[in-house]
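**Q** based on what follows, work out the 3D shape:
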Amino acid sequence: MSGKRILFIAWAAFVISISFPVSIFATSKFNIQPKIFTSWGLDSNFYLAEFLEREVYTYKISPGLKVDFEGAKTSLILDYTLDAIYYEDRDTVPPNEKPADDEDYLGHTFTGETRYQAFDRLLAGLNGSYYLTRDPAQSDTLNNSIDRDKYTITRITPLLFYKFGEKFNVGLRYRHTDLDYIPEDREDSKENRGIFNLVYNLNSKNSLDFEFQHWQKEYTQNTSDYLSNQVNLIFRRKLGVFDLGAGAGYQKRTFDDPGLDDESIFTYNLNLGGNWLIENRRTRVSFNVEQNLNDQSEGNNYFIATRFVLNALHEFTRKLSGEAGAYYQISDYQNTYGLNSDGAIEKRMDNTYDIFGKINYKFARWLIFSVTGGFEKRDSNLAGLSYDNNYLITNLGFVYDLGKK
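**A** Numbers count the residues shown, from 1 in each chain. Purely as a prediction, here's the structure:
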């Protein structure tokens, strides 16, 4: 079934691209990029346990291919990577514990994007993606889970953007998401979401974006289905080399299970990012703040997440660059209770953060080596849910343009 989804996304993008008039290929650009990434990593607490920490090595080989086409009125990008991931315990496996290499697997990452400028005012497109992974973050950007079960997630998003004039733009998107776990005892889900944007351009540097989202989430087992409506008003401004976005809104979530109270939350986001040159060397900084409910859950474990993310990059020389970043997330669970270290019952509250530093060295335009070191930590008020982990990752990446037309 997963293979059919990959083929469906690729076929949909292909059908849209060949459906365009032949005249769009008159002035076209075409590029193919084979790529391969290899990495080695070490985690001091691979399973993110509060006790009984285990050091595990991770080996990853990721060959792939990217195809990029751009014509007078259309564009098409297809990107696929095969992720062969292997694990090895650094020390003897504790009694009654499974070895880390039981989790070796072949993952898949596929993304596709096509755009068609029907005429000056109308842009049509299709986005698609497919992942087979153990990374829970792929299912929800606000995810707080540490489980390692394999799953596939498929997203398909047709879209339309219409420009009424210099002042108003309208966007309409529909996104369908399927999440299927490989273990049969895990709960699958699907989501259907509509997104509407009305953008008013105040001037060349400032705009207001009214966004409305309506979506339905359905689960296959005991987790309650729900319906959500969310409105946001977002102000965007260009400040020299920086781009600023600040928005606030409201989400109302209604559960099918009559035993669950509806959730209402004030949402907000702040995004600030910029690029500039220091002595002809690029520097990039971004800062993001977001508050919202998580979308994906099993067992109705929903929480209000407040997340702060900071990233920076600087090119020291033409070949050497450095990166640093951090995120901090407060996860305030709404209906999840457990025992604290004293044996008392409390509603769950987690504080999670991750700090990392990275050095990149470019041996050639097509060959880059990097070393990343970081520390992640969760503090939970419930017993058994806190953890610390130090990690180190080395990566060698090869990306080569076979030729541009």
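
**Q** for the helix or strand hosting T38, buried residues please.
**A** T38 belongs to strand 29-43 when assigned by DSSP states H and E. When burial is assessed from 16 or more other CB atoms under 10 Å, strand 29-43 yields the following buried residues: Q33, K35, I36, F37, S39, G41, L42, D43. For glycine as for every other residue, the C-beta is placed from the backbone atoms N, C-alpha and C.

**Q** contacting residues around that strand?
**A** Residues external to strand 29-43 that are found in contact with it (CB atoms under 8 Å, 6 or more residues apart in numbering): 55-71, 81, 90, 389-405.

**Q** what do you get for stretch 323-343?
**A** 142, 144, 260-261, 263, 294, 300-313, 345-360, 381-383, 385.

**Q** filter the contacts of strand 29-43 down to just the ones in strands.
**A** Taking DSSP state E, the ones among the contacts of strand 29-43 that sit in strands are 56-70, 81, 389-399, 403-404.

**Q** show the buried residues in those residues.
**A** Buried subset of the ones in strands among the contacts of strand 29-43 (neighbour count, 16+ other CB under 10 Å): 56-58, 60, 62, 64, 66, 68-69, 81, 389, 391, 393, 395, 397.

**Q** name the surrounding residues that touch stretch 194-205.
**A** With contact meaning CB under 8 Å, 6+ apart, stretch 194-205 is reached by 166-175, 207-215, 237-238.

**Q** now stretch 131-139
**A** For stretch 131-139, the surrounding residues in contact (CB under 8 Å, 6+ apart) are 2, 83, 85, 103, 105-110, 143, 145-153, 179, 296.

**Q** buried ones in it?
**A** Residues of stretch 131-139 classed as buried: Y131, L132, T133, R134, P136, Q138, S139 (neighbour count, 16+ other CB under 10 Å).

**Q** can you add pLDDT and distance to R253 and give the buried residues of strand 29-43 back as a markdown table?
**A** A markdown table is the format used below for the buried residues of strand 29-43 (pLDDT from 0 to 100; distance: CB to CB, whole Å):
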| residue | pLDDT | distance to R253 |
| --- | --- | --- |
| Q33 | 93 | 42 |
| K35 | 96 | 40 |
| I36 | 97 | 43 |
| F37 | 97 | 39 |
| S39 | 97 | 39 |
| G41 | 97 | 37 |
| L42 | 98 | 40 |
| D43 | 97 | 35 |
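
**Q** export those to a markdown table and tack on distance to F196?
**A** Compiled in a markdown table, the buried residues of strand 29-43 are given as follows (distance: CB to CB, whole Å):
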| residue | distance to F196 |
| --- | --- |
| Q33 | 35 |
| K35 | 36 |
| I36 | 41 |
| F37 | 38 |
| S39 | 41 |
| G41 | 42 |
| L42 | 46 |
| D43 | 42 |
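
**Q** and those residues, which is closest to R115?
**A** Using CB to CB, the shortest approach to R115 within these belongs to Q33, at 19.0 Å.

**Q** and the gap between that closest one and Y400?
**A** From Q33 across to Y400, the span is 7 Å (CB to CB, to the nearest Å).

**Q** next one: G384
**A** Separation of G384 from Y400 (CB to CB): 48 Å.

**Q** again, but for L260
**A** Using CB to CB, one gets 53 Å for the distance from L260 to Y400.

**Q** equivalent analysis for G64, please.
**A** 12 Å.

**Q** any stretches of this protein with poor pLDDT?
**A** Counting by pLDDT under 70, the chain contains low-confidence ranges at 1-27, 278-280, 403-405.

**Q** where exactly do the helices run in it?
**A** Taking DSSP state H as the test, the helices found in the chain are 2-18.

**Q** residues contacting the nearest residue to R90 once chain neighbours are set aside?
**A** Across the structure, with CB to CB, 6 or more residues apart in numbering as the measure, the residue nearest R90 apart from its sequence neighbours is E55 (4.0 Å). When contacts are counted by CB under 8 Å, 6+ apart, E55 is found next to L42, D43, S44, N45, F46, D89, R90, D91.

**Q** buried only: go through those for me.
**A** With neighbours counted using 16+ other CB under 10 Å, those contain these buried positions: L42, D43, N45, F46, D89.

**Q** ok, which pair from the residues you listed is furthest apart?
**A** Spatial extent of the buried ones among the contacts of E55 (CB to CB) is set by the pair N45 and D89 at 12.7 Å.

**Q** so what sits against both of these two?
**A** In terms of CB under 8 Å, 6+ apart, N45 and D89 are both contacted by the residues R54, E55.

**Q** re earlier: strands - which of the buried residues of stretch 131-139 land there?
**A** By the criterion of DSSP E, membership of the buried residues of stretch 131-139 in strands covers Y131, L132, T133.

**Q** can you redo these as CSV with distance to V371?
**A** CSV is the format used below for those (distance: CB to CB, whole Å):
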residue, distance to V371
Y131, 26
L132, 27
T133, 23
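
**Q** closest one of those to T254?
**A** Of all those, the one sitting nearest T254 is Y131; the distance, using CB to CB, is 29.0 Å.

**Q** hmm, W215 is touching T177, no?
**A** No - at 9.1 Å, W215 and T177 do not qualify as touching, with contact defined as CB atoms under 8 Å.

**Q** now for those two: what residues contact both?
**A** Both W215 and T177 are contacted by E191, N192, R193, under the criterion CB under 8 Å, 6+ apart.

**Q** turn those into TSV, including distance to N203.
**A** Rendered in TSV, the data for the shared contacts of W215 and T177 read as follows (distance: CB to CB, whole Å):
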residue	distance to N203
E191	37
N192	37
R193	32
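
**Q** are any of these buried, and which?
**A** Judged by neighbour count, with 16+ other CB under 10 Å as the criterion, the buried members of the shared contacts of W215 and T177 are E191, R193.

**Q** show me the shared contacts of W215 and T177 that map onto strands.
**A** E191, N192, R193.
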